[in-house]
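Asks: next one to model:
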Amino acid sequence: MNQIILIGRTGKDPEVKYLDGGKVVANLTLAVNSFKREDPPEWFNLEMWGKTAEIAADWVKRGDQICVTGSIVTQKWTDRQTGEERSKPVVKVNSLELLGSKRDRELGDGAAQPASRPAARPQQSPSQRRAVADGPI
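Replies: Numbering: from 1, shown residues only. From the prediction side, this is the model:
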């Protein structure tokens, strides 16, 4: 069984790409603390598709606390400069949950809502926007 659940803080704003055919993908990093405070955090690369990617683009920003579930996949490619085979583990996210309170978001940068959120979106309470689930594409 290949399933992972992570809770941590985002290392950067999501990088969102819109592909041919209307597909959307978002990539970001997640820092997860260990049980021992003296240990440095573990960093994970996250990949989200579809509705989950759109929600991440609209609501997640650097430093936000989130919970994700998904599976670990290994991405492989050939380095263009050296010709060497490269690989890295990536968490392909199936579901995303926004953690923290509205107050946490306000303390982050003085704005309760992310700047990238479309103006036409109706206001939602934190409990309404908390759980977001999306199956794999």
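Asks: now do stretch 1-19: everything it contacts.
Replies: 24-33, 41, 43-44, 48, 53, 56-57, 60-72, 91, 99, 116 (Cβ atoms under 8 Å, 6 or more residues apart in numbering). In this view, the C-beta of every residue, glycine as well, is placed from N, C-alpha and C.
Asks: show only the entries of those residues found in helices.
Replies: In this view, those that belong to helices under DSSP state H are A53, A56, A57.
Asks: okay if I get those as JSON lines plus neighbour count and distance to G8?
Replies: Below are the ones in helices among the contacts of stretch 1-19 laid out as JSON lines (neighbours: other Cβ atoms under 10 Å; distance: Cβ to Cβ, whole Å):
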{"residue": "A53", "neighbour count": "25", "distance to G8": "18"}
{"residue": "A56", "neighbour count": "29", "distance to G8": "14"}
{"residue": "A57", "neighbour count": "22", "distance to G8": "19"}
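Asks: closest to W77 out of these?
Replies: Using Cβ to Cβ, A53 comes nearest to W77 of the ones in helices among the contacts of stretch 1-19, at 20.8 Å.
Asks: what about the strands in this structure?
Replies: Secondary structure of the chain (DSSP state E): strands at 4-10, 15-18, 24-32, 42-49, 65-78, 85-98, 131-133.
Asks: between strand 4-10 and the fourth one, find me the angle.
Replies: Pointing back at strand 42-49 there. 100 degrees (axes from the mean of the first three to the mean of the last three Cα atoms, to 10 degrees).
Asks: which secondary structure element of the protein has the lowest mean pLDDT?
Replies: Least confident helix or strand of the chain, by mean pLDDT, DSSP states H and E, is helix 126-129 with a mean of 41.
Asks: great, nothing more from me.
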